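> have a look; sequence and predicted model below, questions after that.
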Amino acid sequence: MLCTLVSRPFDRENWIFEIKWDGYRTIAEITESSVRLHSRKRKSLNGYFPELVETLGNLRGEAVLDGEVVVLDVEGRSHFEQLRHRKRRQKDHLVYYVFDLLYLDGRDLRGLPLLRRKEILKTLVENAALPGIEFSDHVEEQGKALFETATKRGLEGIIGKDADSPYLSGSRTDFWLKFKNYRIESFHIGGFTGNLNQIESLLFGMFKGKEFIHVGHTDKGLARGGNREQLQRRLKELMRLTSPFKNRPDVTTAVHWVEPKVTCRVRFLEWTQDGNVRHATLVGLD
């Protein structure tokens, strides 16, 4: 079951709100003899998280869990980049936050109301007391306050869920909504792909002293508010033959370089360990 992205959190009766963890969405299929971890696209994750396979093997009975595997820092914040670069069996603070229960001991629970499924899940997790397996708790109705708390703590965002909703495997519905905590900063444009009449993506960077460093690119948001037309007019006189970036942008298509004199506002989720912005979207031009 997948979330629909919406822009603003809300308070609503008969809804619950959870922290949105930034990690790998993981389904755990547990039987008496095996544990299978896989992504929502059915990619096996057993080799990525062998310690979780071992831990979940101690759960008595059969169950199918839905949750998020994350790496936490000392302040309890999840970091996708640390998880992505994590070496197998490295001693990170790895946690599997489980937020839904699909099957238990031969019973299909997907038709039950969400709150009932979570009640059963919480009892299962607490009774099992398995290291690294945590129940993803929630608050009722108060989505705005939880989002404010998540923003102050530097978390990715929150998830809102209809408390009476069933679990619809593989479907993206309005029963589950996600609210992301994005940052917005200004960067200088140093190049683009496509052509002036049809700009496909922007390459942008920032100055560190006199050096111009590439920090990201995006193909999202170009059509918003006439951005393509504005870009065409402003970049036309700034074309150059060589890259203005000190470092080499990691792009595989041909790039048209420009003097970095036009700044743009970019919305993004976080800075990666490599010094790039993640999940970037053009908001507008300065």
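Thanks, I have the structure now.
> Glu51 in helix, strand or coil?
Classification of Glu51 using DSSP: H, G, I helix; E, B strand; the rest coil returns helix.
> surely it meets Gly132?
Yes. Look at Glu51 against Gly132 with C-beta atoms under 8 Å: they come within range, at 7.0 Å. In short, each C-beta sits where N, CA and C put it, glycine included.
> quick check: neighbours shared by the two?
Common contacts of Glu51 and Gly132 (C-beta atoms under 8 Å, 6 or more residues apart in numbering): Leu94.
> and the helices in this structure?
50-56, 80-84, 114-128, 143-152, 227-235 (DSSP state H).
> quick one, longest strand in this protein?
When the chain is parsed with DSSP state E, its longest strand is strand 183-195.
> helices or strands up against it?
Strand 183-195 sits against strand 198-208, strand 211-218, helix 227-235, strand 256-258, strand 263-268, with contacts defined as 3 or more C-beta pairs under 8 Å, 6 or more residues apart in numbering; DSSP states H and E.
> got the contact list for it?
Applying C-beta under 8 Å, 6+ apart, the contact partners of strand 183-195 are 199-207, 212, 214-216, 231, 235, 243-245, 249, 251, 253-258, 260-270, 277, 283, 286.
> just to revisit the earlier point, Serialize the helices of the chain to CSV and add fields for distance to Phe99, mean pLDDT and mean neighbour count.
Shown next, in CSV, are the helices of the chain (distance: least, C-beta to C-beta, whole Å; pLDDT from 0 to 100; neighbours: other C-beta atoms under 10 Å):
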stretch, distance to Phe99, mean pLDDT, mean neighbour count
helix 50-56, 15, 94, 17
helix 80-84, 17, 76, 17
helix 114-128, 7, 96, 17
helix 143-152, 14, 93, 17
helix 227-235, 37, 87, 16
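> so can I have a markdown table of those helices showing distance to Ser39?
What follows is those, written out as a markdown table (distance: least, C-beta to C-beta, whole Å):
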| stretch | distance to Ser39 |
| --- | --- |
| helix 50-56 | 14 |
| helix 80-84 | 13 |
| helix 114-128 | 20 |
| helix 143-152 | 24 |
| helix 227-235 | 33 |
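> out of those helices, the one nearest Lys20 is which?
Set against Lys20 and scored by C-beta to C-beta, those come closest in helix 143-152, at 7.5 Å.
> which residues does that closest one contact?
Outside of helix 143-152, the residues within contact range by C-beta under 8 Å, 6+ apart are 9-12, 15, 17, 19-20, 139, 156-158, 160, 179, 181.
> list only buried entries from those residues.
Applying a neighbour-count criterion of 16 or more other C-beta atoms under 10 Å, the buried members of these are Pro9, Arg12, Trp15, Phe17, Ile19, Lys20, Glu156, Gly157, Ile158, Gly160, Phe179, Asn181.
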